[in-house]
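>>> coordinates only, no sequence provided:
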Ligand SMILES: CCCCC/C=C\C/C=C\C/C=C\C/C=C\CCCC(=O)SCCNC(=O)CCNC(=O)[C@H](O)C(C)(C)COP(=O)(O)OP(=O)(O)OC[C@H]1O[C@@H](n2cnc3c(N)ncnc32)[C@H](O)[C@@H]1OP(=O)(O)O
């Protein structure tokens, strides 16, 4: 079991809020399967009072909406439409926002995704890098490879830092996700204690980026992980990370 001490104090303010804040009704509860069976040998989010949604139970209509809003954000970021059109679209978007704002999903809601090789992975459903209901997430979908995970993502101008290039903070975010996921699937989930990024070459927009995370070694709760991003076969960024696994036992 997850250490009660960790449960109460040490797992961060979001989780504490999720634990002790008011419980809200999940607006998608009717459409999604919320698993109530604990999983052995892994920290169980339900022990923290966090719901778990199965990824394949997310309604197709929501997936489609998320992709549509992502396209809308890109269109807005780059639009040169005339002011009258902008005003009209603005009004429509505000009306649609009011219509869909059914109340917040419980903070910390987790989603369970099954990778191509059958490995299950838990993450927050609105994770900014990989969350399937988050239109602001690219999203990065990682698959299991030997020693870790790998996935490919292509970023558009809404991830721009320098002209034509991915923002350095987002490069770090992609790498953080990859090293966290690698550590999670190879050992057990944890938090990033340290992430060092070397930016070796510019990381281009509109180019498939291969993102990889691999566990190097494990020492008790400490998991040392390497990560890198390749574009057109060339490494653009590398990371060395230390993940600290959520304790499974008291002490
Ligand atoms: C509720 C759900 C449960 C299930 C799910 C749980 C987690 C889910 C997480 C991920 C799910 C899966 C996929 C992941 C995908 C993406 C990952 C993104 C990851 C992130 O985006 S995450 C956000 C940024 N991250 C933080 O927000 C951390 C803030 N931070 C802290 O919360 C603490 O700082 C913590 C917890 C890191 C450690 O605290 P602690 O009290 O648990 O550990 P403690 O101090 O006992 O250290 C134990 C041993 O680690 C050594 N050690 C510790 N820290 C070190 C450091 N910085 N440098 C060098 N060594 C260090 C000690 O020296 C000791 O070493 P030794 O064993 O040798 O003595």
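Now that the structure is in, tell me what you want to look at. Being a predicted model, the structure only gives us computed values, none of them experimental.

>>> got the phi and psi for residue 111?
Main-chain torsions, residue 111, degrees, to the nearest 10: phi -120, psi 140.

>>> how many other residues sit next to it?
Here the neighbour count serves as a burial measure; for residue 111 (other C-beta atoms under 10 Å) it reads 24. Where you see a C-beta, it was placed from the backbone N, CA and C, and this is true even at glycine.

>>> does it touch residue 53 like I think?
Yes: under the criterion of C-beta atoms under 8 Å, residue 111 is in contact with residue 53, at a separation of 5.0 Å.

>>> shared neighbours of those two, which are they?
Shared contacts of residue 111 and residue 53, defined by C-beta atoms under 8 Å, 6 or more residues apart in numbering, comprise residue 125.

>>> mind checking the SS state of whatever residue of the stretch 51-200 of the chain ends up closest to the ligand?
Each residue of the stretch 51-200 of the chain has a distance to the ligand, by C-beta to the nearest ligand atom, and the smallest belongs to residue 180, at 2.3 Å. Taking DSSP: H, G, I helix; E, B strand; the rest coil as the rule, one finds residue 180 in the helix state.

>>> which residues touch residue 67?
The neighbourhood of residue 67, defined by C-beta under 8 Å, 6+ apart, consists of residue 135.

>>> give me the contacts around stretch 127-138.
Under C-beta under 8 Å, 6+ apart, the answer for stretch 127-138 is 55, 58, 62-63, 66-67, 69-70, 73, 105, 111, 113, 123-126, 139-142, 153-155, 159, 173-174, 176-177, 181.

>>> narrow the residues you listed to those in strands?
Of the contacts of stretch 127-138, the ones assigned to strands by DSSP state E are 111, 113, 123-124, 153.

>>> can you tell me which residues in the protein are near the ligand?
Within the chain, the residues that sit near the ligand (C-beta under 6 Å from any ligand atom) are 10, 12, 15, 43, 45, 48, 50, 122-123, 176-177, 180-181, 184, 189, 191-194, 220-222, 242, 244, 246.

>>> ok, of these, which come out buried?
Neighbour-count burial within the residues of the chain next to the ligand applies to 15, 43, 45, 48, 50, 122-123, 176-177, 180-181, 184, 189, 192, 222, 242, 246; the criterion is 16 or more other C-beta atoms under 10 Å.

>>> secondary structure element holding the residue lying farthest from the centre of the chain?
Each residue of the chain has a distance to the centre, and by C-alpha atoms, centre = their mean the biggest one is for residue 84: 36.8 Å. According to DSSP states H and E, residue 84 maps onto helix 83-100.

>>> packing partners of that helix?
Counting contacts by 3 or more C-beta pairs under 8 Å, 6 or more residues apart in numbering; DSSP states H and E, helix 83-100 packs against no other helix or strand.

>>> skipping adjacent residues, who's closest to residue 150 in space?
residue 212 (4.5 Å; C-beta to C-beta, 6 or more residues apart in numbering).

>>> no, scratch that, I was asking about residue 174
Nearest to residue 174 is residue 211, by C-beta to C-beta, 6+ apart, at 5.1 Å.

>>> what's around that neighbour, how many residues?
If we define neighbours as other C-beta under 10 Å, then residue 211 has 25 of them.

>>> can you check residue 99 too?
Neighbour count of residue 99, defined by other C-beta under 10 Å: 8.

>>> quick one: residue 233 from the ligand, how far?
Relative to the ligand, residue 233 is positioned 26 Å away (C-beta to the nearest ligand atom, to the nearest Å).

>>> how many residues are close by that residue?
Applying other C-beta under 10 Å, we find 6 other residues in the vicinity of residue 233.
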